[in-house]
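J.: Sharing a sequence plus its predicted fold:
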Amino acid sequence: MKNVSLKYIALDQPIGTLYLTKMNANILNEITESDVRKAYNDTFGYNETKGLQRKLSDQRVKSIRDYCLSGNAIFPTPIIISAPRDYFNINEKDEEIIIDYYKLLKDEEYCSTVDGQHRLKGIEEAKMLEKFELPVLIGIGLNKGQEIELFATINGNQKPVNKSLLIDLYGELDKPSLEKIGNKVAKVMNSNENSSLYGRIKMLGVKDSDNVQYVSQSTIVDGLLSLITNNVKKDNNDLLNGRPLEYMNEDKFIFRKYIREDDIVEISYICLKYFNEISEI
């Protein structure tokens with residue numbers, strides 16, 4: 001393959017023009033590398049700490065790999081790369097980026113991954129590079145300072161979404177999941193007038209000024225899930241594909257049998273009874 005042509009949308013911003021396009025994950029994986037910033041103690045010198053990216057987290061890569069293998073994976077957020085100008089040519093008339101693919105690989109002048117290294121590695125480890133077409137945001141000819149500014153802006157200004165909100169959103173999905181089951185139980189415990197936690201759970205993670213809340217929705221659901229499984233993603237994949245959940249030690253995972261029997265009412269009853277009893281201690 002000599003050249004790769006990509007249709008783009010130009011985004012003019014103060015840092016310069018960025019190009020939004022799409023690319024097969026296999027090609028993207030071949031033309032990029034992560035410039036990992038090493039700890040000073042790892043490099044034995046200050047001159048070797050010029051990299052941009054954090055070290056790959058094996059746990060995060062594994063999580064993304066398992067997500068890919070679930071059969072229902074989606075990656076709508078662009079992978080952001082910094083591309084060497086000599087190998088990326090802009091055809092403004094046809095709104096195309098022409099990548100000198102062969103020469104880029106031959107010269108080993110790879111693009112730097114500014115954001116998305118874990119996603120790409122997870123897809124690679126799932127052996128699904130050919131199956132994914134990914135949105136890609138390309139900065140051409142960025143200097144190191146601009147790359148650092150991009151990286152810092154993306155990763156320094158993000159505010160994590162409240163976990164209780166995410167848990168609640170799971171409850172709206174049509175597909176089965178353990179989070180959806182846990183969310184139903186949490187709602188029962190918060191709304192049942194006979195519950196010691198009636199109106200006492202911070203639903204959506206937001207405190208109601210009119211009541212005293214003891215615990216967040218996500219804490220309740222996380223605690224419940226810990227009594228069902230040690231592998232939420234695998235169980236969710238089995239539920240989605242209509243497979244029975246594997247057996248686990250029922251002395252430890254006390255609610256697991258009720259999931260297999262589709263008995264959410266019994267789980268709710270046991271939880272209500274338990275919390276009512278400890279509230280009287």
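T.: The structure has been received and is ready for your questions.
J.: just checking, Arg85 touches Gly141?
T.: Yes - checked against C-beta atoms under 8 Å, the pair Arg85 and Gly141 is within contact range at 3.6 Å. Any C-beta I mention is one placed from the backbone N, CA and C, and that applies to glycine too.
J.: In terms of neighbours, single out the busier of the two.
T.: Taking other C-beta atoms under 10 Å, Arg85 and Gly141 do not tie; Gly141 has more neighbours (13 against 10).
J.: mind listing what that one touches?
T.: When contacts are counted by C-beta atoms under 8 Å, 6 or more residues apart in numbering, Gly141 touches Ala83, Pro84, Arg85.
J.: phi, psi of the last one?
T.: With angles defined as degrees, to the nearest 10, Arg85 sits at phi -60, psi -40.
J.: I'd like the distance between it and Ser164.
T.: For Arg85, the distance to Ser164 (C-beta to C-beta, to the nearest Å) stands at 46 Å.
J.: same check, this time on the first one
T.: For Ala83, the distance to Ser164 equals 40 Å [C-beta to C-beta].
J.: Equivalent analysis for the second one, please.
T.: Taking C-beta to C-beta as the measure, Pro84 falls 44 Å from Ser164.
J.: Show me which of the two is the more surrounded one.
T.: Legend: neighbour count by other C-beta under 10 Å for Pro84 and Ser164, higher for Ser164 (22 against 17).
J.: Just confirm the more buried one is within a helix.
T.: Yes - counting by DSSP: H, G, I helix; E, B strand; the rest coil, Ser164 is found in a helix.
J.: State whether it and Lys207 are indeed in contact, as I suppose.
T.: No - using C-beta under 8 Å as the test, Ser164 is too far from Lys207 to be in contact (10.9 Å).
J.: now the strands for the stretch 151-281 of the chain?
T.: 201-202, 215-216 (DSSP state E, counting those that start in this stretch).
J.: Mean neighbour count and mean pLDDT for the ones you listed - can I get that in CSV?
T.: Shown next, in CSV, are those (neighbours: other C-beta atoms under 10 Å; pLDDT from 0 to 100):
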stretch, mean neighbour count, mean pLDDT
strand 201-202, 23, 86
strand 215-216, 18, 86
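J.: and Ile201, what does it touch?
T.: The neighbours of Ile201, taking C-beta under 8 Å, 6+ apart as the test, are Ala186, Met189, Asn190, Gln213, Tyr214, Val215, Ser216, Gln217, Ile220.
J.: Drop anything exposed from those.
T.: Neighbour counting with 16 or more other C-beta atoms under 10 Å marks Ala186, Met189, Asn190, Gln213, Val215, Ser216, Gln217, Ile220 as buried within the contacts of Ile201.
J.: Out of those, show me where the pLDDT dips lowest.
T.: Within those, the minimum per-residue pLDDT falls on Gln213 (65).
J.: related to what we said a few turns ago, closest one to Asn241 out of the contacts of Gly141, please.
T.: Closest approach between those and Asn241, by C-beta to C-beta: Ala83, at 39.3 Å.
J.: The closest one pairs with what?
T.: Following DSSP bridges, Ala83 is listed with bridge partners Ile140.
J.: Report how many residues lie close to it.
T.: 23.
J.: circling back: how about a markdown table for the strands of the stretch 151-281 of the chain, with distance to Leu245 added?
T.: Shown next, in a markdown table, are the strands of the stretch 151-281 of the chain (distance: least, C-beta to C-beta, whole Å):
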| stretch | distance to Leu245 |
| --- | --- |
| strand 201-202 | 26 |
| strand 215-216 | 26 |
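J.: Asn230 and Gly71: what is the separation?
T.: Between Asn230 and Gly71 the distance is 21 Å, computed by C-beta to C-beta.
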